[in-house]
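Undergrad: sequence first, then the predicted structure:
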Amino acid sequence: MGGDKMSDGNGFNVDALVEPDRVHRNCYADNEVFEREIRQIFHKAWIYVGHESQVPNTGDYATTVIGRQPVIMVRHQNRSIHVLYNRCPHRGAKLCANRAGNTGGNFTCSYHAWQFKLDGKVRHIPIQSGYDNTRFNLNDPNSHMKPVARMEVYRGFVFASLSPTGPSLVDWLGTAIAGIDDMCDRAPEGEVEVVPTCFRMIQKSNWKIFLENQLDAVHPSVTHGSTGLAAQKVEKEMLAETGNPPPLSYHYISAFAMEMDKWGALDVVGHPNGHCVLQGYMGLRPTDPDTLEYDAIMEKHYGPDRAKEILDVNIHHLLVYPCLSIQSPLQQLRAVRPISANETLTEIWHFRLKGAPEPIYRRALDYFYLVNSPSTMINADDLYNFRKCQEGLESEGGDWVSFHRNAGQDLVEDGVATSVIGFSEIPMRNQFEAWRNYMQAEGAL
Ligand code: FES
Ligand SMILES: [Fe+2]
């Protein structure tokens, strides 16, 4: 790390990096800071593993990483889900090399065929007599696949923490849980199910740059303005030619050209633990026949009052710090898996609303392809900015990153800060307040 300035004798001085309205560039560009983030944040906080619908049948598994730790999410015969380290207790081989699959009724290691039950307990070891009169003990936890310290499922979303202590998942999500509820409540059956495959993309930038961008209401009309205006032009032409309003998918793009004032009128909310919410702006309740059919199904399932309450929730983005960006009204999320100080893997997932008509799924799928997929005109411009930020922050052209806009002006009530104006940099300040707490915490959470 950059010399004594960053060190307090214990090797880390968070005050030298984070001030209330600005942070040091080493937060993004220093390898030692990054290694500490992995230990202090990603190996302690609740991290999204996956959705239980990724593993519907016994033996179905999906692999991912929590920080640097490879893990397996697997469905047990008794329908429970287990999250286990992807490591054979014999000589350490990973038990599942694929991203997803079905392992049958057991895990069998490809190296020497040790076998494990789906809860990780050892089931069979070949040539077992060779262990007679040795110190090897089948009852020793070291003989079994290791489970993560804690695992919880909320409405199908599976999170794990490598810290044995700390708040429960629900307490940790706190008021931000409304974003997950919003996604699930929009399903007539109250549940979502994953669309089986995701886009995986490596961004050439620090993981925090991506998260900071998600609720940045200043950038859309700047970064995406030209794309938005082009879409607006096409919309006008279509309307003139056909007399009909263009499909909602055009609006996904043209909405980026919304006037600056309207972005400024949005609420941005900072919740405890770094979670943040950006209010919706796209007006996702058209009155086309597909939407009306969906509304009728919702009313049938929930009753008119509750259906209205659900459909009136107006969230664009929920950011679950440090691991998720969720767009609840469009049923998609992006999971953040940091690789190094300047490389970040994102997984871009999409969900179906159980019980909703097919066109509602297709409509959200349009957003997945047109805005969030790696090759869109929207995402490409964001990625370009992220990379340029990273390159600038790795330079010696300046030490500080500014989060001064509307600093000290946000309205705080019960630990929840609401922006005085949509342009406030409260989401960045809120995330760094959580960052500071994680980075200086002693021991387990
Ligand atoms: S390393 Fe797995 S059985 Fe030997
Ligand atoms: Fe963007």
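TA: Done, it's in. Ligands and ions are numbered 1, 2, ... in the order given.
Undergrad: which residues touch residue 194?
TA: Counting by Cβ atoms under 8 Å, 6 or more residues apart in numbering, residue 194 touches 50, 51, 53, 54, 349, 350, 351, 352. (Each C-beta comes from the backbone N, C-alpha and C, glycine too.)
Undergrad: same deal with residue 169?
TA: Residues near residue 169 by Cβ under 8 Å, 6+ apart: 46, 152, 154, 159.
Undergrad: and the contacts of residue 194, which are buried?
TA: Taking 16 or more other Cβ atoms under 10 Å as the criterion, what is buried in the contacts of residue 194 is 50, 51, 53, 54, 349, 350, 351, 352.
Undergrad: now, the most widely separated pair of those?
TA: 50 and 352 (15.5 Å; Cβ to Cβ).
Undergrad: got the domain ranges for this protein?
TA: Structural domains annotated on the chain: 50-156, 173-440, as defined by automatic domain parsing.
Undergrad: quick one: end-to-end length of the shortest one, please.
TA: Right, domain 50-156. End-to-end span of domain 50-156 (Cα to Cα, to the nearest Å): 9 Å.
Undergrad: does any part of it sit near ligand 1?
TA: Yes. With Cβ under 6 Å from any ligand atom as the measure, domain 50-156 is seen reaching ligand 1 through 88, 90, 91, 93, 109, 111, 112, 114.
Undergrad: ok, and the closest non-adjacent residue to the first one?
TA: With Cβ to Cβ, 6 or more residues apart in numbering as the measure, residue 109 is the residue that lies nearest to residue 88, at 4.5 Å, once sequence neighbours are left out.
Undergrad: can you report how many residues neighbour the one you found?
TA: 21 (other Cβ atoms under 10 Å).
Undergrad: what residue is smack in the middle of the chain?
TA: For the chain, the residue nearest the mean C-alpha position is residue 324 (1.4 Å; Cα atoms, centre = their mean).
Undergrad: and it, what does it touch?
TA: Taking Cβ under 8 Å, 6+ apart, we find residue 324 in contact with 48, 318, 333, 334, 335, 336.
Undergrad: how close does it sit to residue 211?
TA: Residue 324 sits 9 Å away from residue 211, going by Cβ to Cβ, to the nearest Å.
Undergrad: any weak-confidence spans in the stretch 1-150 of the chain?
TA: 1-11 (pLDDT under 70).
Undergrad: and the helices in it?
TA: Per DSSP state H, counting those that start in this stretch, the stretch 1-150 of the chain carries helices over the ranges 26-29, 31-37.
Undergrad: including mean neighbour count and distance to ligand 1, could the ones you listed go into JSON lines?
TA: JSON lines is the format used below for these (neighbours: other Cβ atoms under 10 Å; distance: least, Cβ to the nearest ligand atom, whole Å):
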{"stretch": "helix 26-29", "mean neighbour count": "21", "distance to ligand 1": "38"}
{"stretch": "helix 31-37", "mean neighbour count": "18", "distance to ligand 1": "28"}
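Undergrad: as TSV, those with distance to residue 314 would be great.
TA: Listed next are the helices of the stretch 1-150 of the chain as TSV, based on distance: least, Cβ to Cβ, whole Å:
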stretch	distance to residue 314
helix 26-29	32
helix 31-37	33
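Undergrad: what's the neighbour count on residue 172?
TA: Using other Cβ under 10 Å: residue 172 sits among 21 other residues.
Undergrad: meant to ask about residue 413
TA: Residue 413: 7 neighbours (other Cβ under 10 Å).
Undergrad: how about the backbone phi and psi for it?
TA: phi -140, psi 130 (degrees, to the nearest 10).
Undergrad: quick one: residue 114 and residue 87 touch, right?
TA: No. Here residue 114 lies out of contact with residue 87, judged by Cβ atoms under 8 Å, at a distance of 11.5 Å.
Undergrad: and those two? which has more neighbours close in?
TA: Taking neighbours as other Cβ under 10 Å, residue 114 and residue 87 compare with residue 114 leading, 22 against 18.
Undergrad: for the more buried one, give me its contacts.
TA: Residues in contact with residue 114, defined by Cβ under 8 Å, 6+ apart, are 88, 89, 90, 108, 122, 124, 125, 126.
Undergrad: residue of the stretch 201-350 of the chain closest to ligand 1, please.
TA: Residue nearest to ligand 1 within the stretch 201-350 of the chain (Cβ to the nearest ligand atom): residue 337, separated by 25.2 Å.
Undergrad: what's the burial count for residue 79?
TA: Taking other Cβ under 10 Å as the criterion, the count of residues near residue 79 is 10.
Undergrad: quick check: the gap between it and ligand 1.
TA: As judged by Cβ to the nearest ligand atom, to the nearest Å, residue 79 and ligand 1 stand 27 Å apart.
Undergrad: let's have the chain start at 797 instead
TA: Fine by me, first position is 797 from now on; the one you just mentioned is residue 875.
Undergrad: and the residue lying closest to residue 960 once chain neighbours are set aside, what is it in contact with?
TA: In this structure, residue 960 finds its nearest non-sequential neighbour in residue 945, 4.3 Å apart by Cβ to Cβ, 6+ apart. Residue 945 sits next to 956, 957, 958, 959, 960 when contact means Cβ under 8 Å, 6+ apart.
Undergrad: 7 Å - rerun?
TA: Contacts for residue 945 (Cβ atoms under 7 Å, 6 or more residues apart in numbering) come out as 957, 958, 959, 960.
Undergrad: residue 1119 against residue 1134, yeah?
TA: No. Residue 1119 is not in contact with residue 1134 according to Cβ atoms under 7 Å; the separation is 9.4 Å.
Undergrad: what's the pLDDT at the residue nearest to residue 1110 when sequence neighbours are not counted?
TA: Of all residues not flanking residue 1110 in the chain, residue 1076 sits nearest, at 4.1 Å (Cβ to Cβ, 6+ apart). On the pLDDT scale, residue 1076 is placed at 75.
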